[in-house]
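> need the 3D shape of this:
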Amino acid sequence: MSIKVAIKAHGERATRITRSFNAPRTLVFDAMSNAEMMKHWFHGAPGWTLTTCEIDLRVGGRYRWVWTNEAGQEMGMGGEYKEVKRPERIVTTEKFDQAWYPGEAIGTIELSVQGKQTLMTLTVEYESRAARDGVLAIPMESEMESGYQRLDAYLAKH
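Residues are numbered from 1 along each chain as shown. Below is the predicted model:
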């Protein structure tokens, strides 16, 4: 059984998000970094669909994701890959088009083997403590868990 998403403050300016998956680490890594695979599960909150998924998975490469809701509104984000170590680690910059926190963030995904499961630890470091605290004030666990449940279903088929 997968362990549900948990989001906590980490250090002075970061959040730490953890979630486990019942799948091999290489498959989880690919599902989180391959555009064709992400199009099957990475849709965000209910009512939103991933409509743009561009990934150049290499140090210095860029990514771009855009979600569209039923009313036609868009939410986009992108950044640059700073580190790629398959199947265990990806470090990226992150900036939303419609910024809901100030500045740019650095996201680090680490995947570790935990028996027959893969544990994802996503650490996001913001430019300030105030930005981090603003992110933590938004109740996003249920929306993130919804997306990770879609990933669980996708992983179960592969």
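> part of a helix, is Gly76?
No. Counting by DSSP: H, G, I helix; E, B strand; the rest coil, Gly76 is located in no helix; its state is strand.
> that one: neighbouring residues, count only.
A count of nearby residues for Gly76, using other C-beta atoms under 10 Å, gives 15. (Glycine included, C-beta is placed from N, CA and C.)
> how about the one 4 residues further on?
The local packing count at Glu80 equals 16, with neighbours defined by other C-beta under 10 Å.
> just confirm it is within a helix.
No. Read with three-state DSSP, Glu80 is strand and lies in no helix.
> tell me the pLDDT of the residue lying farthest from the centre of the chain.
Relative to the centre of the chain, the most outlying C-alpha is that of Ala71, 23.8 Å out, by C-alpha atoms, centre = their mean. Ala71 is assigned a pLDDT of 95 by the prediction.
> the one 10 residues further on too?
Per-residue pLDDT puts Tyr81 at 98.
> hey, what's it bridged with?
Counting by DSSP bridges, Tyr81 is bridged to Thr92.
> the residue farthest from the centre of the chain: which element?
Under DSSP states H and E, no helix or strand contains Ala71.
> list the buried residues of the longest helix seen in the chain.
In the chain, with assignment by DSSP state H, the single longest helix is helix 141-156. Residues of helix 141-156 classed as buried: Met144, Glu145, Gly147, Tyr148, Leu151, Asp152, Tyr154, Leu155 (neighbour count, 16 or more other C-beta atoms under 10 Å).
> list the contacts of the residue found closest to the first one once you drop the neighbours it is linked to in the chain.
Nearest non-adjacent residue to Met144, counting by C-beta to C-beta, 6 or more residues apart in numbering: Val5, 4.8 Å away. The neighbourhood of Val5, defined by C-beta atoms under 8 Å, 6 or more residues apart in numbering, consists of Ile17, Thr18, Arg19, Glu141, Met144, Glu145, Tyr148.
> how close does the residue farthest from the centre of the chain get to Trp48?
Ala71 sits 10 Å away from Trp48, taking C-beta to C-beta, to the nearest Å as the criterion.
> cheers, nothing more for now.
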